[in-house]
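>>> Sequence and predicted model, in that order:
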Amino acid sequence: MCTEISDLINLPFTQDDAQRLAEELKENPNDSEKWMTLGEGYLSLAQYGNAEIAFKQCLKILKEHPAALGELGSLYVLKGKTRAAIKNLKKSLKLDPSRNDFWANLGSAYLQGSKPEDAVVALEHSLAIKPGERDTMVLLAKAHTFLESWEDALEVLRQADSLFPNDYEILRGKARSLMKLGLIQELEETYLVMRKLEPEDHTILMYLGQIYFNRGQTAKGLEYYRKAVEMEPESFMAWKMLLEALERLGMKDEAREARAKYKEIEEKLRKSGTRIIPKF
């Protein structure tokens, strides 16, 4: 029995479906829409090599098939084939500029290709078609970050945070922008939310300690630095920050112990060939 395309809509695509379509295409290899459906099916099964073959077969029959061009380009984004991704996605969107997902994938491809200005344009197109897409907003903020447009990145991330509260990735990006802009009060509030979400992340304790110490709340800052090394006793940077704080406060005995631990970890890292970052 011939498989109708409509029979597969809104149903999970299975390996049996793929096999049936492949058999039917042996009999009628010029059915571009069945090649398209087969490619999308293979994508859903994470069979990317087969999906690529199917989309290319579709395009052999119909060179200007916008969906096949877009899906092939999106597949190339996954594969890291940046130039091919951009080429196919641009062709697709010239034919049908209404696909927000293809605009988003084009933005992702531009980011892969270190073209953040072009990424911003593509991602803004995507969000104009479908506002409030979480992953697209994160990508747009990332593009602004590459351009060091911290105000623009923060604006996008604040919007994303309001739509998707308690999203750690969004909060982390927001914190970076706030830090770059010196908005310390909102930064502190953001870190406190992040700490509730990821209580085992010792770096949040280090950042909070830094905020309180620089604000003159040295006792509170020192408390957070101590908590950081307790949580992650092999953290080179946590011990470094605790040591510097102790030395600034003239707490010589505890500073001596912290220095010994710091040097011990530093030596381990050097022997293992690990790159040491001198500044937090």
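Nice, thanks for sending it over.
>>> Where does pLDDT dip in the protein?
1-11, 274-280 (pLDDT under 70).
>>> Would you map the strands across it?
In the chain, no strands are defined using DSSP state E.
>>> State which helix of it is the longest.
helix 252-272 (DSSP state H).
>>> need the contact list for the nearest residue to residue 212 once chain neighbours are set aside.
Spatial nearest neighbour of residue 212, excluding adjacent residues (C-beta to C-beta, 6 or more residues apart in numbering): residue 221 at 3.8 Å. Just so you know, the C-beta spots here come from the backbone N, C-alpha and C atoms, and that holds for glycine as well. Applying C-beta atoms under 8 Å, 6 or more residues apart in numbering to residue 221 gives the contacts 208, 209, 210, 211, 212, 213, 214, 215, 245.
>>> Can you tell me which of these end up in helices?
Per DSSP H, the contacts of residue 221 map to helices at 208, 209, 210, 211, 212, 213, 214, 245.
>>> Neighbour-wise, give me the winner out of those residues.
residue 209 (25 neighbours; other C-beta atoms under 10 Å).
>>> Can you tell me how far that residue is from residue 216?
13 Å (C-beta to C-beta, to the nearest Å).
>>> likewise residue 89?
52 Å.
>>> Between these two, tell me which one has more neighbours.
residue 89 (29 against 8).
>>> Apart from its chain neighbours, what residue comes closest to that one?
Using C-beta to C-beta, 6+ apart, the nearest residue to residue 89 is residue 73, at 3.6 Å.
>>> what does residue 15 give?
Nearest residue to residue 15 in three dimensions, chain neighbours excluded: residue 45, at 6.7 Å (C-beta to C-beta, 6+ apart).
>>> which residues sit in contact with the nearest residue to residue 108 once chain neighbours are set aside?
Of all residues not flanking residue 108 in the chain, residue 77 sits nearest, at 5.3 Å (C-beta to C-beta, 6+ apart). Shown in contact with residue 77 (C-beta under 8 Å, 6+ apart): 85, 89, 105, 108, 109, 112.
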